[in-house]
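Asks: sequence and predicted structure below; questions after.
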Amino acid sequence: MEDSGKNIGKITSVFGKTGIVEPTDGGRLYFLVKSQKLKPVVGDNVHWNKQSDGTIVVTKIMEPNNQLERLNQYGQRQIIASNVTQILLITAPLPKPNFLLIDKFILISELMECDLSIILNKVDLVEKCDRQFQLYQQLGYPVIKISAKEKINLNPLFNLLNQQTTVLVGQSGVGKSTIINLLIPKDKIRTEALSNKNQKGKHTTSTTTMHAVKNKGYLIDTPGIENLNPKILDIKEIETGFREIASLSCDCRYRDCIHINEPNCAVNQALTKNEIATQRYNNYKKLVDGFQ
Ligand SMILES: Nc1nc2c(ncn2[C@@H]2O[C@H](COP(=O)(O)OP(=O)(O)OP(=O)(O)O)[C@@H](O)[C@H]2O)c(=O)[nH]1
Ligand SMILES: [Mg+2]
Ligand SMILES: [Zn+2]
């Protein structure tokens, strides 16, 4: 006899057709997916049933609020996680910040309707390293300076995780793994890694895991986070990643102005008057060129 009660839970790991679901009332269960159509990813809220032999079967995936996707090595879209509420954009004085990538991550957060904070790591290396980030603070993205290595100013970072489903993004070498190790106790990562490995010999390094953190937070740990893909359907959506451009847009003569070389463009006028940053505009233009 099958248990027909609709149990609800959140997917925290996926390995093919199996993984871990955290029931809303606590605990962790291994699940199985029987339907070919259901493809859960971490962060999905699901319905599950317990069969008479004890097997936990995921029967339904609830419509997610958003999905984070990347391009895999073949250039195909691959969904990494669902229901992300916050992106922490990790940067550092070294490696030198790639502002096109930074602006792309900001666009992704705006399209996904996520919060975004900039974490300026490795402040132990250079004292004055936030000048280039003042602009982002003015645009409304909080900037927090930390050193993961020297454990400087970590409390504001910990507090950001409260009740959020967070993903860390940033260039290779900025300190994402170092920060994740501070945020999640090591023994927990190890146990999860071991249990993952038991599942048909698959390795955790190639999978995405969601760790529960204090105060109802979740932290998504995923490899290859540099190849995130903004889901742009219409060229006009690109300006949502550029708040200063989007807010001028209503003053352009044409409603569908994309601020490249249209006449009476409020954005281009602001640019000539130095009212918006050239670097941001140039990155906007590169993303527009890349879309066309
Ligand atoms: N000086 C200094 N070095 C740091 C700090 N945080 C991390 N590092 C060093 O930076 C290097 C890269 O750190 P990782 O945590 O591996 O960086 P990552 O972002 O995970 O890199 P990928 O996995 O390649 O994407 C390591 O040698 C760390 O020890 C810091 O606050 N200060
Ligand atoms: Mg890493
Ligand atoms: Zn315009």
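Replies: Noted; the coordinates are in hand. Ligands and ions are numbered 1, 2, ... in the order given.
Asks: ok, which stretches of the chain are strands?
Replies: Counting by DSSP state E, the chain has strands at residues 7-15, 18-23, 29-33, 45-50, 56-61, 67-71, 77-82, 86-91, 115-120, 143-145, 165-169, 209-213, 217-221.
Asks: give me the contact list for the first one.
Replies: Taking C-beta atoms under 8 Å, 6 or more residues apart in numbering as the criterion, the residues outside strand 7-15 that touch it are 19-24, 28-29, 31, 40-50, 58, 192, 196, 199-200, 202, 207-212, 218. To be clear about C-beta, it is placed using only N, CA and C from the backbone, and glycine gets the same treatment.
Asks: report the angle between it and strand 56-61.
Replies: Going by axes from the mean of the first three to the mean of the last three C-alpha atoms, to 10 degrees, strand 7-15 is angled at 100 degrees with respect to strand 56-61.
Asks: in strand 7-15, which residues are buried?
Replies: Neighbour-count burial for strand 7-15, counted by 16 or more other C-beta atoms under 10 Å, picks out Asn7, Gly9, Lys10, Ile11, Thr12, Ser13, Val14, Phe15.
Asks: in a markdown table, list these along with distance to ligand 2 and pLDDT.
Replies: Shown next, in a markdown table, are the buried residues of strand 7-15 (distance: C-beta to the ion, whole Å; pLDDT from 0 to 100):
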| residue | distance to ligand 2 | pLDDT |
| --- | --- | --- |
| Asn7 | 35 | 93 |
| Gly9 | 28 | 96 |
| Lys10 | 24 | 96 |
| Ile11 | 23 | 96 |
| Thr12 | 20 | 94 |
| Ser13 | 18 | 93 |
| Val14 | 20 | 92 |
| Phe15 | 20 | 90 |
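Asks: list buried members of the contacts of strand 7-15 by neighbour count.
Replies: For these, buried by 16+ other C-beta under 10 Å: 19-22, 29, 31, 40-49, 58, 192, 196, 199, 207-211, 218.
Asks: what sits against the closest residue to Leu120 other than its chain neighbours?
Replies: Spatially, and ignoring its direct neighbours in sequence, Leu120 is nearest to Lys145 (4.6 Å; C-beta to C-beta, 6 or more residues apart in numbering). Going by C-beta under 8 Å, 6+ apart, Lys145 touches Leu120, Val123, Cys129, Asp130, Ile152, Asn153.
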